[in-house]
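Trainee: how would this look folded up:
(one chain, ligands or ions: 1)
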Amino acid sequence: MIHPKVPAEPSELTHFIGGKHIPGTSGSYGEVYDPNSGEVRARVPLADRAETEAAIAVAVEAQREWGEWNPQRRARVLLRFLQLVEREREALARLLSSEHGKTIADAHGDIQRGLEVVEFAAGIPHLLKGEFTDNAGTGIDVHSLRAPLGVVAGITPFNFPAMIPLWQAAPALACGNAFILKPSERAPSVPLRLAELFLEAGLPAGVLNVVNGARESVDALLEDTRVAALGFVGSTPVAAHVYATAAAHGKRAQCFGGAKNHLIVMPDADLDQAVDALIGAGYGSAGERCMAVSVAVPVGEATADALVARLKERIGTLRIGRSDDPEADFGPLVGRDAVDRVRAYIDLGVAEGAELVVDGRDFVLPGHENGFFAGASLFDRVTPGMRIHREEIFGPVLSVVRAADYEEALRLPSEHTFGNGVAIFTRDGDTARDFTRRVNTGMVGVNVPIPVPVAYHTFGGWKRSGFGDLNQHGPDSIRFYTRTKTVTSRWPAGLREGASFTIPTMG
Ligand code: NAD
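Mentor: Next comes the predicted model:
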């Protein structure tokens with residue numbers, strides 16, 4: 001196997017503004033790691049307020065023309081973009097994997113789920129059709145149209161460097177907005193490459209800009225009156241902060257946060273299927289997914305004993321390897337801080353009295369002693385009040401919370417502060433139907449462990465997992481990135497009637 005060489009000197013990344021690579025001028029940089037080796041592979045500039053404001057000015061200018069393009073012409077840019085990404089899908093997947101640490105196969109999935117939203121947004125001529133009422137009153141017609149907002153911004157997390165930027169950019173651009181992407185400073189290279197490909201696909205320069213940075217650039221985006229709306233995806237404390245600050249500045253915002261996703265295993269479930277689901281959804285991408293399953297809830301002691309025994313056996317066969325090892329089930333975490341956090345949560349779980357059935361704390365991949373690896377861990381007999389159940393760990397740690405019966409199992413995700421995804425494994429249609437109707441969670445899987453909806457439905461969690469009214473992708477995304485203008489018109493015959501001094505009614 002050929003390992004990508006880590007350059008002796010870290011490369012220096014740029015911003016991408018007005019169709020050009022622009023070096024950072026703030027003097028402040030973040031470090032981008034190779035998580036396999038723990039070495040720094042690049043430095044990413046962190047934009048200050050002035051650099052961010054300069055990008056906003058470019059976007060304002062570019063949007064004037066872009067917003068006037070007809071929707072079909074805008075869709076053609078998206079269609080060409082799809083072809084370009086297809087052309088270099090493998091290279092993009094490798095780049096993504098080398099910065100993030102997810103396996104190359106999983107990186108392909110990251111790109112694919114992003115492209116599906118581009119495909120959805122390419123239907124923009126149809127999606128943007130407004131409403132029309134003929135003859136709402138004598139000689140009066142009413143129509144509603146969806147106008148672009150202007151300049152909108154997206155702030156994205158490290159864990160889906162292709163998918164989430166595309167979830168935001170594709171509908172935002174299709175609706176006629178200019179878009180400023182502030183990607184995670186931990187994995188900025190794929191977002192930069194995607195912006196280059198949009199330019200190559202015919203997107204006018206300045207319509208999509210990438211401003212690398214951290215808090216200072218986000219604050220500038222939040223406070224600048226020229227930015228009409230923000231999409232945020234990341235941890236809950238920052239999501240809540242961005243949502244409140246956007247509202248205080250009169251901006252539209254949709255902010256998606258952390259998660260604690262439960263998978264209920266009913267006594268009648270196909271146990272092999274449930275174990276497969278838990279292993280894949282619990283440990284895939286080293287647990288660094290907002291839709292990862294981090295809590296298994298077997299119903300009844302017999303189900304729990306059988307489940308824990310099988311999980312333990314399967315975890316023993318997991319292969320943890322370099323992100324470019326085609327045999328690896330999962331690779332390293334994104335950073336040293338992530339490894340430390342995961343270990344600290346395992347220490348905490350032990351101190352809280354949970355039973356640590358599999359301990360991944362001391363895992364080391366030979367030859368990669370400085371890599372950001374964590375082994376798979378499994379806790380049994382976790383109780384709802386423990387912090388390891390209440391808080392998001394975001395690593396390869398699965399907790400088993402035993403429930404005595406169905407009602408107790410239903411309460412666990414329903415009463416949890418997070419409400420992103422949930423799943424139930426059962427063969428009984430009535431139980432599944434009752435569960436899907438009553439559970440207090442935004443996305444539900446029935447015998448499907450990670451119920452990420454397809455692109456033409458919408459994605460969004462409830463409670464502390466999502467702040468705002470409208471979800472990502474699907475019809476909600478078109479509503480989010482446009483505003484409705486409603487026109488009531490009457491033509492000359494009506495004017496001849498002269499002035500009216502009472503409020504108009506349609507009688
Ligand atoms: P994060 O909150 O640390 O960072 C997200 C983004 O916010 C980054 O672009 C970062 O630069 C920026 N940021 C960080 N601190 C900030 C601050 N104080 N002010 C302004 N901006 C700030 O999240 P992360 O570690 O990159 O991503 C992991 C988190 O994202 C997990 O909690 C995961 O569950 C969540 N996530 C949620 C979804 C969802 O759809 N609900 C999807 C993916 C990830």
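
Trainee: Now residue 171. Its backbone dihedrals?
Mentor: Residue 171 has phi and psi values of phi -70, psi -30 when expressed as degrees, to the nearest 10.

Trainee: same question, residue 359
Mentor: With angles defined as degrees, to the nearest 10, residue 359 sits at phi -110, psi 110.

Trainee: same deal with residue 419?
Mentor: phi -150, psi 50.

Trainee: can you pull up the bridge partners for it?
Mentor: Beta-bridge partners for residue 419, by DSSP bridges, are residue 462.

Trainee: That one is in contact with residue 463, isn't it?
Mentor: Yes: Residue 419 is within contact range of residue 463, at 3.7 Å (criterion: CB atoms under 8 Å). All C-beta spots, glycine's among them, are computed from the backbone N, C-alpha and C.

Trainee: For stretch 116-127, buried residues please.
Mentor: For stretch 116-127, burial by neighbour count (16 or more other CB atoms under 10 Å) applies to 116, 117, 118, 120, 121, 122, 124, 127.

Trainee: how about residue 406, what does it touch?
Mentor: Neighbouring residues of residue 406 by CB atoms under 8 Å, 6 or more residues apart in numbering: 266, 299, 431.

Trainee: So whichever residue of the stretch 151-300 of the chain sits closest to the ligand versus residue 106, what's the distance?
Mentor: Nearest residue of the stretch 151-300 of the chain to the ligand: residue 234, at 2.6 Å (CB to the nearest ligand atom). In this view, residue 234 and residue 106 are 20 Å apart by CB to CB, to the nearest Å.

Trainee: interface residues of the stretch 351-500 of the chain facing the ligand?
Mentor: Taking CB under 6 Å from any ligand atom, the part of the stretch 351-500 of the chain that reaches the ligand is made up of 392, 394, 420, 461, 465.

Trainee: Widest-spaced pair of these?
Mentor: Using CB to CB, the two most remote members of these are 394 and 461, lying 14.6 Å apart.

Trainee: pretty sure residue 374 is in a helix, no?
Mentor: No: under the criterion used here (DSSP: H, G, I helix; E, B strand; the rest coil), residue 374 is coil, not part of a helix.

Trainee: Can you list phi and psi of it for me?
Mentor: phi -140, psi 140.

Trainee: need the next SSE after the strand or helix carrying residue 59, C-terminal direction.
Mentor: Assigned by DSSP states H and E, residue 59 belongs to helix 49-66. The helix or strand immediately downstream of helix 49-66 is helix 71-87, counting by DSSP H and E.

Trainee: and the angle from that next one to helix 49-66?
Mentor: Here helix 71-87 points in a direction 120 degrees away from that of helix 49-66 (axes from the mean of the first three to the mean of the last three CA atoms, to 10 degrees).

Trainee: Next secondary structure element downstream of helix 71-87?
Mentor: Going down the chain from helix 71-87, the next helix or strand is helix 89-100, by DSSP H and E.

Trainee: tilt between that following helix and helix 71-87?
Mentor: For helix 89-100 against helix 71-87, the angle by the same axes, to 10 degrees is 80 degrees.

Trainee: Do helix 89-100 and the ligand come into contact?
Mentor: No: Helix 89-100 lies apart from the ligand when judged by CB under 6 Å from any ligand atom; the minimum separation is 10.5 Å.

Trainee: which ones are touching residue 11?
Mentor: 41, 42, 43.

Trainee: Run through the stretch 401-507 of the chain and note the low-pLDDT ranges.
Mentor: For the stretch 401-507 of the chain, applying pLDDT under 70 flags the ranges 493-498, 507.

Trainee: Would you map the helices across it?
Mentor: Assigned by DSSP state H, counting those that start in this stretch, the helices in the stretch 401-507 of the chain fall at 406-415, 429-438, 474-480, 492-495.

Trainee: which one of the ones you listed has the most crowded surroundings?
Mentor: helix 474-480 (a mean of 21; mean count of other CB atoms under 10 Å).

Trainee: Going through the contacts of residue 11, which ones are buried?
Mentor: For those, buried by 16+ other CB under 10 Å: 41, 42, 43.

Trainee: Which of the residues you listed fall in strands?
Mentor: 41, 42, 43 (DSSP state E).

Trainee: Pull the contacting residues for the last one.
Mentor: Residue 43 makes contact with 10, 11, 12, 13, 29, 30, 31, 32, according to CB under 8 Å, 6+ apart.

Trainee: Any of those residues buried? List them.
Mentor: Counted by 16+ other CB under 10 Å, the contacts of residue 43 give 10, 13, 29, 30, 32 as buried.

Trainee: Shouldn't residue 204 be within a helix?
Mentor: No: read with three-state DSSP, residue 204 is coil and lies in no helix.

Trainee: Give me the number of neighbouring residues for it.
Mentor: 17 (other CB atoms under 10 Å).

Trainee: got the contact list for it?
Mentor: Shown in contact with residue 204 (CB under 8 Å, 6+ apart): 19, 62, 65, 66.

Trainee: Surely residue 376 and residue 318 touch.
Mentor: Yes: if you go by CB under 8 Å, residue 376 and residue 318 touch, sitting 5.4 Å apart.

Trainee: between those two, who's got more neighbours?
Mentor: residue 376 (25 against 17).

Trainee: residues touching the spatially most central residue of the chain, list them.
Mentor: Residue closest to the average C-alpha location in the chain (CA atoms, centre = their mean): residue 164, at 4.5 Å. By CB under 8 Å, 6+ apart, residue 164 lies in contact with 114, 154, 156, 157, 233.
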